[in-house]
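K.L.:
Need a 3D model of the sequence below.
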Amino acid sequence: MKRLLAVTLVLLLVFTFFGYAYHRKSVEVKNSESGLLSVSTTALFCLSDMGAFKTMVEYNASADLLRERAGRYAYCAQVLSEASESLYELTGKESYRNLHVAASNLEIFFNHVRNSEEPKKYLLKNVDALVALGNAFSEAYKVELRGSLGENQTGRLVNLTKGLSW
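P.N.:
Numbers count the residues shown, from 1 in each chain. Below is the predicted model of the structure:
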């Protein structure tokens with residue numbers, strides 16, 4: 001009887017320890033997800049005003065100003081790409097994978113524009129797509145704030161970024 005009581009106590013302690021460890025780990029995962037969502041939402045907001053390129057090109061902004069703005073958007077796209085990739089790994093949601101792909105495509109495009117001798121040429125070629133992308137990112141930002149970003153919105157972003165040319 002004493003042996004059974006001892007084994008029961010040991011098992012109870014072991015299960016309590018593992019239960020606590022599991023709970024602590026799940027809290028850490030939730031905190032990580034919350035932080036990544038905050039970062040990705042900020043990056044979505046940053047990318048929501050890409051339509052500004054249309055105004056900048058129409059009013060003959062300097063090549064240096066266009067490069068600076070392209071660099072800023074490249075950075076926001078990189079942050080969004082990395083955060084959404086981590087969110088995909090954490091949650092397995094396809095919408096985050098799509099967001100990662102769209103942001104990666106955008107980062108490549110803006111880095112190309114930023115390093116170009118004639119950034120205006122590439123922006124003029126893609127001005128309508130950039131306005132559409134700005135609107136789509138704005139919509140994705142609003143939907144993500146409600147916590148309901150879906151594959152429809154992110155799939156549209158992927159398709160729009162595939163249409164960029166340089």
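
K.L.:
could you pull out the helices for the protein?
P.N.:
2-47, 52-58, 63-91, 94-114, 119-145, 151-162 (DSSP state H).

K.L.:
okay, the ones you listed in JSON lines with mean pLDDT and mean neighbour count next?
P.N.:
C-beta here means a position set from N, CA and C on the backbone, and glycine is covered the same way. Shown next, in JSON lines, are these (pLDDT from 0 to 100; neighbours: other C-beta atoms under 10 Å):
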{"stretch": "helix 2-47", "mean pLDDT": "75", "mean neighbour count": "13"}
{"stretch": "helix 52-58", "mean pLDDT": "93", "mean neighbour count": "16"}
{"stretch": "helix 63-91", "mean pLDDT": "96", "mean neighbour count": "19"}
{"stretch": "helix 94-114", "mean pLDDT": "96", "mean neighbour count": "22"}
{"stretch": "helix 119-145", "mean pLDDT": "94", "mean neighbour count": "19"}
{"stretch": "helix 151-162", "mean pLDDT": "93", "mean neighbour count": "18"}
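
K.L.:
Tell me which residue is most central in the protein.
P.N.:
Nearest to the mean C-alpha position of the chain, by C-alpha atoms, centre = their mean, lies residue 80 at 2.9 Å.

K.L.:
Now do the contacts for that residue.
P.N.:
Under the criterion of C-beta atoms under 8 Å, 6 or more residues apart in numbering, the neighbours of residue 80 are 40, 43, 44, 47, 99, 100, 103.

K.L.:
For residue 48, the count of nearby residues, please.
P.N.:
Residues lying near residue 48 (other C-beta atoms under 10 Å) number 19.
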